[in-house]
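Enquirer: What follows is a predicted structure for the sequence shown.
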Amino acid sequence: MKDARRAALELLVRWEEESRYLGLSLAHLPSDIRGFVTALVYGVAEHKLTLDYEISALAGRSDIDPVTRQILRLGLCQLQYMQAVPQHAAVDRTVALARNRGEAAFVNAVLRTALRSPEKMRLPPREKNELRYLALCHSLPLPTLRLLAQALGTEAAEAFLCACRQPAPLSVTVNTCRTDREKLLSLWRERGISARPSPLTQGGILLGAPGAPAELPGFDEGLFFVQDEAARLAVELLDPRPGQTVVDACAAPGGKSFAAAINMKGRGTVHALELHQSKLSLISEGAQRLGLASVVAKAHDSRMPDPELLGRADAVICDVPCSGMGVLRKKPDIRYKDPAAWSALPALQGEILSAAADYLKPGGRLLYATCTLFPAENEQVTDAFLAAHPDFAPIPFAAAGQDCPEGRLTLLPHVHGTDGFYLSLLTRKEANA
């Protein structure tokens, strides 16, 4: 077996030097080490700021070589957060990553101090500076934590961060064009796979232990696809019907397009638009596996309406690019993105929403969605759109045990068990309305 810890170290060094997404790098690992390496690198990513605070406290200094610091993060992560790894293995095999004897001695000393004197790693008192304490406790940069606390309130922000430290269940949508939920549940239970119906959606299933979806029975037969409950619920609320025309304005990797086509029983057309030509294969290959010939993928910049689709859609899906903080529990490295880069997003989101609205027929329904929690990307975007488009109005609905008279809902992992997700349901008014 290739040395998993060394592979993890190489990935983490590249991640910090090049700001690349960890998920893309992990996908190319050999299968025999992928699981352990994934646990290592995501563990370090999730707890990086906490680990750095502890490393400085243990070492008595903060001026540590970047690669040495990555080695220490790996070792301390195993000791602090990976109880299945024996302590001697966590120390000895991490020390073996050192590039020379001096570095090995330093790494060994710091990790053994962590075992002998854990009190040295104690965080500063919460009552002295609550936000700094929470930032260190949950390894979230202080500027991002402040934004989150402004959006949710400090107590709810802490509950959100606690929920993001728990493993997310594997959530899938059943392809009811080929089977039904009870049949798929029965198939998995017969194979000893822990699974239960989604409590929030009609077509979802939650699996007890996250794993490789492609290894589950029924994957090759196209009986399901991976989709969070929040995204599935959004499409169920949009409720596209058989024979209708749907436009998905920012479609990759295709989940909402697939869910819409399934809702339509494969009859009608889902125009799956995607800016990046390279991502079209994700949509077309997924649709082919699921047997959804009604999904038609096309490269298009959704900041501008496609003239061929103007006024033709019965339903429009507008799941726009966003800061992504709602999926923190699945992508822990997203927490280190610079909030300054998010300032341009609301203008882009409003531009895409306005263009997507041009596809909708009178009486049609439009879903605006993000996987973030910040009002500037959510309520403020839809409020500005409605103010500028008097021919549109919100559609009241009830979902997830809540009445939503303003036609919008924010789903939260600590409340609903889903990804953090904002959805707003709108309609173009009939001419005589």
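Expert: Structure received. Numbering: from 1, shown residues only.
Enquirer: quick one: contacts for S354?
Expert: 385, 388-389 (Cβ atoms under 8 Å, 6 or more residues apart in numbering). To be clear about C-beta, it is placed using only N, CA and C from the backbone, and glycine gets the same treatment.
Enquirer: Show me the shaky parts of this structure.
Expert: 1-2, 20, 209-210, 432-433 (pLDDT under 70).
Enquirer: let's see it at 90
Expert: 1-2, 16-32, 34-35, 83-84, 167-168, 208-212, 430-433 (pLDDT under 90).
Enquirer: what element comes up after the longest helix along it heading to the C-terminus?
Expert: Ranked by residue count and defined by DSSP state H, the top helix of the chain is helix 31-59. Using DSSP states H and E, the helix or strand that follows helix 31-59 towards the C-terminus is helix 66-81.
Enquirer: one step back: can you tell me which of the contacts of S354 has the most neighbours?
Expert: F385 (20 neighbours; other Cβ atoms under 10 Å).
Enquirer: Can you give me the separation between that residue and I352?
Expert: Distance, F385 to I352, using Cβ to Cβ, to the nearest Å: 10 Å.
Enquirer: again with A135
Expert: 32 Å.
Enquirer: repeat for T245
Expert: Taken as Cβ to Cβ, the span from T245 to I352 is 19 Å.
Enquirer: repeat for C77
Expert: 39 Å.
Enquirer: Which one of the two is surrounded by more residues?
Expert: Applying other Cβ under 10 Å to C77 and I352 shows that C77 carries more neighbours, namely 26 against 23.
Enquirer: wait, isn't the more buried one in contact with L51?
Expert: Yes. C77 lies in contact with L51 (Cβ atoms under 8 Å); the separation is 6.2 Å.
Enquirer: list residues touching both of the two?
Expert: Here C77 and L51 have V44 as joint contacts, going by Cβ under 8 Å, 6+ apart.
Enquirer: just the strands in the stretch 101-250 of the chain please.
Expert: All strands of the stretch 101-250 of the chain, identified by DSSP state E, counting those that start in this stretch, fall at 170-174, 195-197, 204-207, 224-226, 245-248.
Enquirer: Tell me which of those strands sits most buried.
Expert: A comparison of the strands of the stretch 101-250 of the chain by mean neighbour count, using mean count of other Cβ atoms under 10 Å, puts strand 245-248 on top with a mean of 28.
Enquirer: So what sits opposite L207 in the bridge?
Expert: Note on L207: beta-bridge partners L170, A195, judged by DSSP bridges.
Enquirer: What distance do you get for it to L185?
Expert: 10 Å.
Enquirer: Turn the strands of the stretch 101-250 of the chain into TSV, including distance to L373.
Expert: Listed next are those as TSV, based on distance: least, Cβ to Cβ, whole Å:
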stretch	distance to L373
strand 170-174	19
strand 195-197	27
strand 204-207	22
strand 224-226	22
strand 245-248	23
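Enquirer: Quick check: which of the ones you listed is nearest to K331?
Expert: Closest to K331 of the strands of the stretch 101-250 of the chain, according to Cβ to Cβ: strand 224-226, at 14.2 Å.
Enquirer: What's the end-to-end length of stretch 170-182?
Expert: 17 Å (Cα to Cα, to the nearest Å).
Enquirer: Stretch 169-184 now?
Expert: 17 Å.
Enquirer: the helices in the stretch 301-433 of the chain, which residues?
Expert: Per DSSP state H, counting those that start in this stretch, the stretch 301-433 of the chain carries helices over the ranges 345-357, 379-388, 413-416.
Enquirer: Next: the stretch 151-300 of the chain.
Expert: 154-164, 181-190, 229-238, 255-263, 280-290.
Enquirer: most packed of those?
Expert: Using mean count of other Cβ under 10 Å, helix 255-263 ranks as the most buried of these, with a mean of 27.
Enquirer: residue contacts, the residue nearest to the spatial centre of the chain?
Expert: The chain has V327 as the residue nearest its centroid, 3.0 Å off, counting by Cα atoms, centre = their mean. Each residue near V327 by Cβ under 8 Å, 6+ apart is listed here: 334, 371, 419-420.
Enquirer: same thing but at 6 Å, please
Expert: 371, 419 (Cβ atoms under 6 Å, 6 or more residues apart in numbering).
Enquirer: do L386 as well
Expert: L386 is in contact with F392, counting by Cβ under 6 Å, 6+ apart.
Enquirer: give me that answer again for 10 Å
Expert: Residues near L386 by Cβ atoms under 10 Å, 6 or more residues apart in numbering: 392-394, 407, 424, 426.
Enquirer: Wait, L40 touches L74, no?
Expert: Yes. Between L40 and L74 a contact is recorded at 6.2 Å, counting by Cβ atoms under 10 Å.
Enquirer: circling back to that earlier point, which neighbours do L207 and L185 share?
Expert: Counting by Cβ under 10 Å, 6+ apart, the residues touching both L207 and L185 are 193, 195-196.
Enquirer: so can I have TSV of the residues you listed showing distance to A297?
Expert: Shown next, in TSV, are these (distance: Cβ to Cβ, whole Å):
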residue	distance to A297
I193	31
A195	30
R196	32
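Enquirer: What is the nearest of those to T113?
Expert: Once Cβ to Cβ is applied, the member of those that ends up nearest T113 is I193, at 43.3 Å.
Enquirer: Determine the longest strand present in the protein.
Expert: Secondary structure of the chain per DSSP state E: the longest strand is strand 360-370.
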